[in-house]
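Asks: Predicted model and sequence follow; I will ask about them next.
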Amino acid sequence: MAAVQAQSPLDRSEPLKKTRRTLVHAASRVERESYLVVRGVFVERYHEASAELLRGGRDVVFPCWSFPPGLPFVRSGPIFQAFWDGCIEKLPAAEIRLGGG
């Protein structure tokens with residue numbers, strides 16, 4: 001307690017040494033290197049699949065445990081519009097409120 005009270009409240013701690021964050025912790029160097037190889041293959045396959053998807057391919061297979069990137073917004077086609085128009089017609093007039101009121 002005395003050591004804490006002896007410290008000046010105006011003193012600052014020494015700045016921490018900036019180092020790169022460790023990508024993976026492993027029990028041995030061999031395990032670490034094998035992880036980096038597997039990760040590299042995963043990233044490569046993901047980027048290839050993403051590029052194919054953005055080029056318009058819809059039957060692209062992504063690596064396991066990954067999510068495809070979001071696609072740009074596409075307006076709905078005539079099938080959805082016909083469905084939507086049919087839904088609107090079935091609603092009672094009291095449920096359709098335009099302008100928030």
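Replies: Great, that's in hand.

Asks: all contacts plus neighbour counts: C-alpha atoms, from now on.
Replies: Will do.

Asks: per-residue pLDDT, A93?
Replies: pLDDT, A93: 54.

Asks: cool, and the one 5 residues further on?
Replies: L98 carries a pLDDT value of 48.

Asks: Need the pLDDT of E52.
Replies: Model confidence at E52, expressed as pLDDT, equals 92.

Asks: Just to check, it is in contact with F62?
Replies: No - counting by Cα atoms under 8 Å, F62 is not a contact partner of E52; they are 10.3 Å apart.

Asks: Would you indicate which residues of the helix or strand containing R32 are buried?
Replies: Using DSSP states H and E, R32 sits in helix 29-54. For helix 29-54, the neighbour count (16 or more other Cα atoms under 10 Å) marks Y35, F42, Y46, A49, S50, L53 as buried.

Asks: Give me the neighbour count for H25.
Replies: 10 (other Cα atoms under 10 Å).

Asks: Please apply the same query to G56.
Replies: By the criterion of other Cα under 10 Å, G56 has 10 neighbours.

Asks: Tell me the spacing between it and W65.
Replies: 22 Å (Cα to Cα, to the nearest Å).

Asks: cool, A51 as well?
Replies: A51 sits 18 Å away from W65, taking Cα to Cα as the criterion.

Asks: Please apply the same query to V41.
Replies: Relative to W65, V41 is positioned 14 Å away (Cα to Cα).

Asks: One more: R45?
Replies: For R45, the distance to W65 equals 12 Å [Cα to Cα].

Asks: For the protein, just list every one of the helices.
Replies: Using DSSP state H, the helices found in the chain span residues 2-6, 29-54, 78-90.

Asks: So for the last one, mean pLDDT?
Replies: Model confidence over helix 78-90, given as mean pLDDT, is 61.

Asks: what's the first-to-last distance across stretch 51-67?
Replies: In stretch 51-67, first residue to last residue: 14 Å (Cα to Cα).

Asks: quick one: contacts of that stretch?
Replies: Residues outside stretch 51-67 that contact it (Cα atoms under 8 Å, 6 or more residues apart in numbering): F42, R45, Y46, A49, S50, P68, L71.

Asks: And stretch 5-24, by the same measure?
Replies: So stretch 5-24 is in contact with R32, going by Cα under 8 Å, 6+ apart.
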